[in-house]
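Novice: Provided below for reference: sequence and predicted model.
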Amino acid sequence: MQQLIEKIVFEQVELEEESSFYYRKPLIGYAEAQNPLFLKLKEVANPAHLLPDELLPGAKTVVAIFLPYTREIIESNKNGIYPSELWAKAYIKTNRLLWKIIQKIKEELKNYGFKAEGLMPTYQFDKKVLKAVWSHKHVAYIAGLGTFGMNNLLITSLGSGGRFGSFVTDAEITPTPAIEPYLQCWRSKGCTYCRDICPVKALKDDNNAFDRQKCYAWCVKCGEAFSDANPVEICGMCATGPCAFIDAKTKKE
């Protein structure tokens, strides 16, 4: 089933209009549904965070997908106070693509007698506490795709500039090996790019002090500028620094 899942992901991305302009090669990770770290998410992410078998009874594997943006998309969002139109378009486009991929995988797995369930890449969070009931980036961490930076984003081997999606299935797939923390978050070397560029100073040296209310209020304000392009509450400035784009070959920005 792993080969089938990856085939669908790669094919759907390639079929997307202007795919090579928006995306680099996707990353896919797998975690055992009974991994104890999923219980930990109720502490570190959200007390209401779902467990895999709450999303799909009998779940055996959790699959995380990362669609990394190209340098052009990331660079477009570096200048100005508000996010770029290109960044906004990529955000909307990628959320739709990830959901399309998950639905396609669900349909195909059914042909082999397996089930799959997932939640949309965004807009499935509690707007009072601003925490998701299913955090795709935390799930991707458990699936071995990366580690967290000062920007509270998951930094993968290709960087943090991109979007995550995930789903659970009752198909059993070998988990992705655990990884050592990437060194692309240069916090220990004094890098504070993401903290400094944040328009509302929501990021702190201590990740636990992150002001999500300030962050979300700013994203809503930015989104008002893109009301013609469907609801899009975004900023993304913190995803444009040294950790945003990592070259697959050189492993450097």
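Specialist: Everything's here; your move. Numbers count the residues shown, from 1 in each chain.
Novice: Just list the residues touching the residue lying closest to residue 85 once chain neighbours are set aside, thanks.
Specialist: Excluding the flanking residues, the one nearest residue 85 by Cβ to Cβ, 6 or more residues apart in numbering is residue 226, at 7.3 Å. For glycine as for every other residue, the C-beta is placed from the backbone atoms N, C-alpha and C. Residues counted as contacts of residue 226 (Cβ atoms under 8 Å, 6 or more residues apart in numbering) are 85, 88, 232, 234.
Novice: again, but for residue 153
Specialist: With Cβ under 8 Å, 6+ apart, residue 153 has these contacts: 137, 160, 238-239, 243.
Novice: Ok, residue 41 next?
Specialist: Contact analysis of residue 41 by Cβ under 8 Å, 6+ apart lists 49, 135, 138.
Novice: do residue 66 as well
Specialist: Applying Cβ under 8 Å, 6+ apart to residue 66 gives the contacts 26-29, 140, 145-146, 154, 156, 158, 162-164.
Novice: SS state for it?
Specialist: Three-state call for residue 66 (DSSP: H, G, I helix; E, B strand; the rest coil): strand.
Novice: same question, residue 82
Specialist: Classification of residue 82 by three-state DSSP places it in coil.
Novice: Just give the number of residues close to it.
Specialist: If you count neighbours by other Cβ atoms under 10 Å, residue 82 ends up with 19.
Novice: neighbours of the nearest residue to it once chain neighbours are set aside, just the number please.
Specialist: Leaving aside its sequence neighbours, residue 82 sits nearest to residue 222 (Cβ to Cβ, 6+ apart; 5.3 Å). By other Cβ under 10 Å, 21 other residues sit near residue 222.
Novice: any idea which helix or strand carries residue 222?
Specialist: Here residue 222, judged by DSSP states H and E, is contained in helix 212-223.
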